[in-house]
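Novice: turn this into a structure:
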Amino acid sequence: MTQTRESQTATDLGKPTYRRVLLKISGEAMCKPGGFGIDSDELDVIAREIAQAAKLGTELAVVVGGGNIIRGATLASAGGIAQTTADTMGMLGTVINGLALKETLEKLGQPARVLSAINLSAVAETFIRGRALRHLEKGRVVIFVAGTGNPFFTTDSAASLRAAEINADVLLKATKVDGIYDKDPMKHDDATRFDTLRFKDAIERDLKVMDLTAFDMCRKRGIPIIVFNMKEPGHIAEVVSGKPHGTRVMVD
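Specialist: Residues are numbered from 1 along each chain as shown. A predicted model of the protein is given here:
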């Protein structure tokens with residue numbers, strides 16, 4: 001009987017390199033390029049990739065953005081809405097994405113829970129560190145939504161904060177490019193990709209890995225960051241298993 005790619009990957013990759021992982025995905029990953037809202041096909045692809053990685057036995061938490069629904073910073077800059085309110089609206093966009101991801105994961109047979117930084121008890125559990133750890137230990141994918149629960153902080157900051165709180169071994173930042181470059185590869189054909197970087201070098205080169213608050217928290221807590229292209233099938237599971245993809249930002 002011919003195995004599917006999913007079953008081959010889960011079988012062949014063996015034990016995961018990382019015991020506990022925080023995966024950061026953007027809201028834009030849930031829609032077609034240049035699109036808006038949630039595309040069911042894109043959502044299904046993401047959920048299958050996450051479920052595939054979870055089957056390896058690693059404890060997997062996810063922070064999801066909300067840019068496909070609303071961007072608080074953009075809304076605030078247009079005027080008329082205070083940034084604190086606009087950022088709260090952006091947090092609610094992440095809740096929509098998190099609920100969609102949870103439902104899709106569970107339809108695939110992967111247990112999942114949504115934990116919110118703001119109180120939304122009718123639709124999600126309120127974030128409590130011990131509760132999140134308990135879900136992870138039981139093999140559930142934990143989806144963190146509503147950012148940090150505070151305005152003026154990005155979902156990158158939420159990812160680094162949650163990674164520190166759950167004692168993640170690594171923060172995986174899934175993007176649309178295959179790592180970190182010395183300049184924008186979409187604009188420069190001669191852009192060079194780094195296989196590895198030190199936090200210090202990334203800061204000195206002003207490479208836009210994550211916002212500075214998020215980046216500095218990972219550096220201080222000794223949490224490495226791997227930036228990779230999640231649109232390639234199997235990449236999440238392969239990175240969890242220690243296969244080299246993208247760029248690894250290492251502790252100084």
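
Novice: name the nearest residue to Glu165, ignoring sequence neighbours.
Specialist: Excluding its sequence neighbours, the residue lying closest to Glu165 (Cβ to Cβ, 6 or more residues apart in numbering) is Arg129, at 5.3 Å. Just so you know, the C-beta spots here come from the backbone N, C-alpha and C atoms, and that holds for glycine as well.

Novice: may I have the phi/psi pair for Ile226?
Specialist: Backbone torsions for Ile226, taken as degrees, to the nearest 10, come to phi -120, psi 120.

Novice: that one and Ser77: what is the separation?
Specialist: Distance, Ile226 to Ser77, by Cβ to Cβ, to the nearest Å: 31 Å.

Novice: looking at these two, which is more packed in?
Specialist: Legend: neighbour count by other Cβ atoms under 10 Å for Ile226 and Ser77, higher for Ile226 (24 against 11).

Novice: look up how far His135 lies from the residue nearest to Glu165.
Specialist: Per Cβ to Cβ, Arg129 is found 11 Å from His135.

Novice: same question, Lys102
Specialist: 12 Å.

Novice: any chance you could map the strands in the stretch 1-150 of the chain?
Specialist: Under the criterion DSSP state E, counting those that start in this stretch, the stretch 1-150 of the chain carries strands at the ranges 20-25, 59-64, 112-116, 125-126, 141-145.

Novice: quick one: strands adjacent to the second one?
Specialist: So that's strand 59-64. According to DSSP bridges, strand 59-64 forms sheet pairs with strand 20-25 (parallel), strand 141-145 (parallel).

Novice: deepest-packed of those, please.
Specialist: Mean neighbour count (mean count of other Cβ atoms under 10 Å) peaks for strand 141-145 among those, with a mean of 28.

Novice: show me where the stretch 51-200 of the chain has helices.
Specialist: Remark: helices assigned in the stretch 51-200 of the chain by DSSP state H, counting those that start in this stretch are 72-77, 83-107, 129-137, 155-165, 199-204.

Novice: now for Ala54: which residues touch it?
Specialist: By Cβ atoms under 8 Å, 6 or more residues apart in numbering, the contact list for Ala54 reads Leu60, Gln110, Gly139, Val141.

Novice: swap in 7 Å and give it another go.
Specialist: Ala54 makes contact with Leu60, Gln110, Val141, according to Cβ atoms under 7 Å, 6 or more residues apart in numbering.

Novice: the first one contacts Leu23, correct?
Specialist: Yes. With the criterion set as Cβ atoms under 7 Å, Leu60 and Leu23 qualify as a contacting pair; they are 6.4 Å apart.

Novice: show me what contacts Thr58?
Specialist: Pro16, Tyr18, Arg19, Arg20, Val21, Val240.

Novice: can you pull the contacts of the first one?
Specialist: Just to be clear, that refers to Pro16. Leu56, Gly57, Thr58, Val240, Ser241.

Novice: what does the model give the closest residue to it other than its chain neighbours for pLDDT?
Specialist: Spatial nearest neighbour of Pro16, chain neighbours left out: Thr58 (3.9 Å); criterion: Cβ to Cβ, 6+ apart. Per-residue pLDDT puts Thr58 at 94.

Novice: before we move on, what about Ala10?
Specialist: 52.

Novice: what does the one 10 residues further on give?
Specialist: At Arg20 the predicted local distance difference test score is 97.

Novice: show me what it is bridged to.
Specialist: Beta-bridge partners, per DSSP bridges, of Arg20: Glu59.

Novice: residue contacts, it?
Specialist: By Cβ under 7 Å, 6+ apart, the contact set of Arg20 is Thr58, Glu59, Leu136, Ile166, Asn167, Ala168, Asp169.

Novice: and for Leu75, the neighbour number?
Specialist: Count around Leu75 with other Cβ under 10 Å applied: 17.

Novice: please report how far it lies from Val145.
Specialist: With distances taken as Cβ to Cβ, Leu75 is found 19 Å from Val145.
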